[in-house]
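In: Sequence and predicted model, in that order:
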Amino acid sequence: MGRKRVTYRPSKAGSVFGGVAGIIFVGIGLFVAIPVFGPFGVLWTLLAAGITAASFYQAFGKKYTGPEIHIEDEECGKPEDVQQRLETLRALYEQKLITPEEYERKRQEILKEL
């Protein structure tokens, strides 16, 4: 069937929270990680700064639209799929797990997918 394009933008509150957490981690990097761990501390601080910048850009950037997500429609209507669904529906009806009205309504829905 068709393919839908959807863009996703995180909530402003979530992005601001990520930015504030990033500032805390940058502080930890500057005052703890760099003095204690040296090169690893520099890497820590740079990563934290990047995450902080990205979070605030997501929250306040006018041109930011978020990542694109592709959603594939489930392909229904294949003859073998329809046949299997009708057989399952019939079994439910024969076991008296659904009413005749429910059986007929669902049967019509399945047949419309052909």
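Out: Received, thanks.

In: Tell me if I am right that residue 21 is in a strand.
Out: No - using DSSP: H, G, I helix; E, B strand; the rest coil, the secondary structure at residue 21 is helix, not a strand.

In: Distance of it relative to residue 52?
Out: 8 Å (C-beta to C-beta, to the nearest Å). In this view, the C-beta of every residue, glycine as well, is placed from N, C-alpha and C.

In: higher neighbour count, the two?
Out: Comparing residue 21 with residue 52 by neighbour count (other C-beta atoms under 10 Å), the higher total belongs to residue 52, at 19 against 14.

In: how many neighbours does residue 54 have?
Out: Neighbour tally, residue 54, other C-beta under 10 Å: 16.

In: per-residue pLDDT, it?
Out: pLDDT recorded at residue 54 is 93.

In: Now do the same contact list for the closest residue to residue 19 other than its chain neighbours.
Out: Leaving aside its chain neighbours, residue 19 sits nearest to residue 55 (3.9 Å; criterion: C-beta to C-beta, 6 or more residues apart in numbering). For residue 55, the contacting residues are 15, 16, 17, 18, 19, 21, 22, by C-beta atoms under 8 Å, 6 or more residues apart in numbering.
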